[in-house]
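Peer 1: Build me a structure from this.
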Amino acid sequence: MLVKTYGSAVYGIDATTITIEVNISGGTKYYIVGLPDNAVKESLRRIESALTASGFRMPRQKIVVNLAPADIRKEGSAYDLAIAVGILASSKQISEQSLNDFLILGELSLDGSIQPIKGALPIAVQAARDGFKGMILPQANAREAAVVSDIQVYGVKHLGEVTSFLNGTVRLDRTQVSVETELKEAGPDEVLDFADVHGQENIKRAMEIAAAGGHNVLLIGPPGAGKTMLAKRLPTILPPLTLEESLETTKIHSVAGKLGVTASLITSRPFRAPHHTISDVALVGGGSYPQPGEISLAHNGVLFLDELPEFKRSVLEVMRQPLESRHIMIARARFSVQYPASFILVAAMNPCPCGFYNHPQQECQCNPGKVQKYLSKISGPLLDRIDLHVEVTPVTSDELTAVRATERSADIRRRVAAARNMQAQRFSKHTGIHCNAQMNTRGLREICTTDETGRALLKAAMARLGLSARAYDRILKVSRTIADLDGSATIRTEHLAEAIQFRSLDRSNWAG
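Peer 2: This next block holds a predicted model:
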């Protein structure tokens, strides 16, 4: 008897519905066809044990399981539950009447319990598009899938619950999540606050500009100057995630299996800080079956690279294209996947191997050639893609011990949110552009216009600092953000001057 159940396959951050056809006929062998990987092929052994433990029998006949469409590779153990239900329905141990209404997913343990899967949110989105009435999936993934309100989500813990529900003898409680409530209740991290940072007003200003316009930042200074402390507090001044951003970020973490058991939505901006020993595949994503890397996990948030010159050169260079395009395309022989990668890069580094070059009190032990060799680990093309270059100087003892009120993250965040609102209105008709850092060349020429005095200032800066055309564009974008923070409709000369100041660490000026 032929029976059809439905599962799903995830590619990138999108899902494709898979039809699972189970046919039982005369014979003795089991077959799974339709381009399954080893985890799918092994499912029949798990299913046989789970059926026995749940009081059912595994038919001793020829069982053919086809996963359609057959030209798409099927990976992982999420098809276990759908195959098991198909076998039970085909052997008439359970009713098949409602199978067409549900998408069924879950990994089976030998005792019949159901283990969590990856990618529940993109699967739920696709299931709603395909018109399914509901989803049956592991209890651990129910809140994540229930973010999609257009489909009924039922979380289960054991195969027996699924069979009883499909037979109509047990009623399952539908899992429901209020997206609006989740976002409303979410708040910034109250543990970290810019009020904890004494002094460093110029650096705080740079971080505010970065947050307001989505710009990348390079912090260069001696050990203990506060680079890491400042970087960790950048997410506290970023505006809250919108619903669209939250869903997209949650999709990526869902596919990567990074969501917690009780999680439904990611409501705070990600902060990723990989160690400098990371590989290029781990950073940008990839593998035999491509998974999102750190740059995608930092999407809509912050990627912090501490000790930048200690990263392998190949690791840093693979970031050049994603920093421009804000997505990463991972191509393999049979298919390719695309992951979003729109993040704020915050990089921190010492000015030399010993860390004390240009230090006001400590003497540097490195000769000029050694300093230049250390700085040369960061390529010019990568530096061009970093909007703000900021020199972090040590905080004096007077600033550390001073008892005075410092500005809190909440106060800075209000200014950042006001600037972002201006940008949202400005780019309302531009698809895929949400902040100044994402402006394309055409938008740059239309929006970032300057007067004659401003053009003369830019021309002089280009000649003196030896800036590239890309650096020129980034100065205009940063100056537009500074103008937004100032509430100005036009870019004035002082806005340009401040933006140029943040390019003073370009390579021509490093190490003397």
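Peer 1: so who does T242 touch?
Peer 2: Residues counted as contacts of T242 (CB atoms under 8 Å, 6 or more residues apart in numbering): none. Bear in mind the C-beta positions are built from the backbone N, C-alpha and C, glycine included.
Peer 1: gap between A348 and E498?
Peer 2: Summarising the geometry, the distance separating A348 from E498, computed by CB to CB, to the nearest Å, is 22 Å.
Peer 1: oh sorry, the question was meant for V10
Peer 2: In this structure, V10 and E498 are 45 Å apart, going by CB to CB.
Peer 1: before we move on, what about G487?
Peer 2: Spatial separation of G487 from E498 under the definition CB to CB is 15 Å.
Peer 1: Neighbour count: the two, which is higher?
Peer 2: Neighbours were counted for G487 and for E498 using other CB atoms under 10 Å; E498 has more, 17 against 10.
Peer 1: Buried residues, the strand or helix carrying the more buried one. List them.
Peer 2: Using DSSP states H and E, the secondary-structure element containing E498 is helix 493-501. If you call a residue buried by 16 or more other CB atoms under 10 Å, then helix 493-501 has these buried ones: H495, L496, E498, A499, I500, Q501.
Peer 1: and the gap between the second one and D384?
Peer 2: Right, L496. Distance, L496 to D384, using CB to CB: 18 Å.
Peer 1: Quick one: neighbours of F132, just the number.
Peer 2: Counted by other CB under 10 Å, the residues lying close to F132 total 21.
Peer 1: doesn't L99 make contact with it?
Peer 2: No. The pair formed by F132 and L99 falls short of the contact definition of CB atoms under 8 Å, at 10.9 Å.
Peer 1: so what sits against both of those two?
Peer 2: Among the neighbours of F132, those also in contact with L99 (CB under 8 Å, 6+ apart) are Y6.
Peer 1: Tell me which residues touch P223, please.
Peer 2: With contacts defined as CB under 8 Å, 6+ apart, the neighbours of P223 are N350, G355.
Peer 1: can you check K204 too?
Peer 2: When contacts are taken as CB under 8 Å, 6+ apart, K204 is in contact with F194, V197, L230, E407, I412.
Peer 1: next one: E452
Peer 2: Counting by CB under 8 Å, 6+ apart, E452 has no contacts.
Peer 1: need the next SSE after the least confident helix or strand in the chain by mean pLDDT, C-terminal direction.
Peer 2: Sorting the helices and strands of the chain by mean pLDDT, DSSP states H and E puts helix 397-401 at the bottom, at a mean of 68. Beyond helix 397-401 on the C-terminal side, the first helix or strand identified by DSSP H and E is helix 409-426.
Peer 1: And the contacts of the next helix or strand after that following helix?
Peer 2: The element immediately downstream of helix 409-426 (helix or strand, assigned by DSSP H and E) is helix 441-447. Contacts of helix 441-447 with the rest of the structure, by CB under 8 Å, 6+ apart, involve R426, F427, H430, I433, M439, D473, L476, K477, R480.
Peer 1: Now do the following helix or strand past helix 441-447 against helix 493-501, angle only.
Peer 2: Sequence-wise, the next helix or strand downstream of helix 441-447 (DSSP H and E) is helix 452-465. Note on geometry: by axes from the mean of the first three to the mean of the last three CA atoms, to 10 degrees, helix 452-465 and helix 493-501 are set 10 degrees apart in direction.
Peer 1: Identify each buried residue in helix 452-465, please.
Peer 2: So for helix 452-465, counting by 16+ other CB under 10 Å, buried means G454, L457, L458, A461, M462, L465.
Peer 1: now the fifth one, nearest residue through space, not along the chain?
Peer 2: So the one you mean is M462. Across the structure, with CB to CB, 6 or more residues apart in numbering as the measure, the residue nearest M462 apart from its sequence neighbours is Y472 (6.2 Å).
Peer 1: Average pLDDT for the strand ranked longest in the chain, rounded please.
Peer 2: Criterion DSSP state E: the longest strand present in the chain is strand 14-25. Mean pLDDT, taken over the full extent of strand 14-25, equals 94.
Peer 1: And it, what does it pack against?
Peer 2: For strand 14-25, the packing partners by 3 or more CB pairs under 8 Å, 6 or more residues apart in numbering; DSSP states H and E come out as strand 2-11, strand 62-68, helix 80-90, helix 120-129.
Peer 1: just those: most buried one?
Peer 2: Neighbour counts (mean count of other CB atoms under 10 Å) averaged over each of the helices and strands packed on strand 14-25 peak at helix 80-90, with a mean of 27.
Peer 1: which residues does the nearest residue to S90 once chain neighbours are set aside contact?
Peer 2: Leaving aside its chain neighbours, S90 sits nearest to V3 (4.2 Å; criterion: CB to CB, 6+ apart). Shown here is V3, whose contacts under the criterion CB under 8 Å, 6+ apart are E21, V22, N23, G86, A89, S90, E96, L99.
Peer 1: swap in E310?
Peer 2: Each residue near E310 by CB under 8 Å, 6+ apart is listed here: H276.
Peer 1: Which residue, other than its chain neighbours, is closest to G301?
Peer 2: The spatial neighbour of G301 that comes closest, neighbours along the chain excluded (CB to CB, 6+ apart), is P270 at 3.3 Å.
Peer 1: V179 now?
Peer 2: Leaving aside its chain neighbours, V179 sits nearest to V147 (5.9 Å; criterion: CB to CB, 6+ apart).
Peer 1: The one you found sits in which helix or strand?
Peer 2: Per DSSP H and E: V147 is located in neither a helix nor a strand.
Peer 1: ok, so what distance separates it from A82?
Peer 2: Here the distance between V147 and A82 works out to 22 Å (CB to CB).
Peer 1: now swap in D37 and tell me
Peer 2: Taking CB to CB as the measure, D37 falls 16 Å from A82.
Peer 1: Quick one: list the elements packing against the strand or helix carrying L230.
Peer 2: Secondary structure assigned from DSSP H and E places L230 in helix 227-232. Based on contacts counted as 3+ CB pairs under 8 Å, 6+ apart, the elements that helix 227-232 packs against are helix 201-213, strand 217-220, strand 302-305, strand 344-349.
Peer 1: State the next helix or strand along the chain beyond it.
Peer 2: helix 243-255.
Peer 1: and the angle for that following helix with helix 120-129?
Peer 2: Relative orientation of helix 243-255 and helix 120-129, computed by the same axes, to 10 degrees: 120 degrees.
Peer 1: Contacts for helix 243-255, please.
Peer 2: 10, 12-13, 118-122, 125, 144, 147, 179, 183, 241, 259, 265-267, 270, 291-292, 296-297, 299-301, 339-340.
Peer 1: The following helix or strand past that helix - contacts with which helices or strands?
Peer 2: Past helix 243-255, further along toward the C-terminus, the next helix or strand under DSSP H and E is strand 271-272. In terms of contacts (3+ CB pairs under 8 Å, 6+ apart), strand 271-272 is packed against strand 302-305.
Peer 1: ok so, going back, pick the one among the buried residues of helix 452-465 closest to K370.
Peer 2: Taking CB to CB as the measure, L465 is the one of the buried residues of helix 452-465 closest to K370, at 24.1 Å.
Peer 1: wait, doesn't that closest one sit right on R503?
Peer 2: Yes. Counting by CB under 8 Å, R503 is a contact partner of L465 at 6.1 Å.
Peer 1: what touches both of the two?
Peer 2: For the pair L465 and R503, residues contacting each of them under the criterion CB under 8 Å, 6+ apart are A471.
Peer 1: any idea how far L88 is from the residue nearest to G301?
Peer 2: 41 Å.
Peer 1: Thank you, goodbye.
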